[in-house]
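J.: Sequence and predicted structure below; questions after.
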Amino acid sequence: MNDFLSTLWGRLPAPLRDQLEGYATGFWEVLPQLILSVFFLVFVWFVVRLVNWLVPKTLRRARMRRSLIDVVMMLLTVSIWLFGVLVAVTIAFPTITPGRALTALGVGAWPSVLPSRTFSRISLPVCFC
């Protein structure tokens, strides 16, 4: 098997071999960051489990309605996971910032979708009380 792979590797053109070696070198350089980001995601999972265990009990003691507890839990869970994934991506790939990742998802560009006249018609009452 080893002879077959060395023969196959020898038959590849030199530029392709150099490119594949560059990919392998880059993978080994990024591997510690990938492992750290996976550990961070496991930590986020534990935090979500803790929040899912602790917050409903607290909200039930406050006599909050069941449907409102469900909404709060959904918002908390999604927010924690979103924050955790953005931080994990930043750990794994330092050139990507959470702001860039949100913009890539389209979350940061919502005002550019609306017509420009929409914001000019909004008037907020001013109170200098």
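T.: Structure received.
J.: give me the low-pLDDT residue ranges for this structure?
T.: For the chain, the stretches with pLDDT under 70 are 1, 107-129.
J.: So which residues of it form strands?
T.: Counting by DSSP state E, the chain has no strands to list.
J.: helices or strands next to the longest helix anywhere in the chain in the packing?
T.: Longest helix in the chain, counting residues (DSSP state H): helix 14-61. Taking 3 or more Cβ pairs under 8 Å, 6 or more residues apart in numbering; DSSP states H and E as contact, the helices and strands that helix 14-61 lies on are helix 66-92. C-beta coordinates here come from the backbone N, C-alpha and C atoms, glycine included.
J.: Just give the nearest non-adjacent residue to Arg60, would you?
T.: Spatial nearest neighbour of Arg60, chain neighbours left out: Ile69 (6.9 Å); criterion: Cβ to Cβ, 6 or more residues apart in numbering.
J.: My error: substitute Leu36 in the last question.
T.: Closest to Leu36 by Cβ to Cβ, 6+ apart is Ile91, at 5.5 Å.
J.: thought the one you found was touching Leu41?
T.: No - proximity of Ile91 to Leu41 does not meet the contact threshold set by Cβ atoms under 8 Å, at 9.5 Å.
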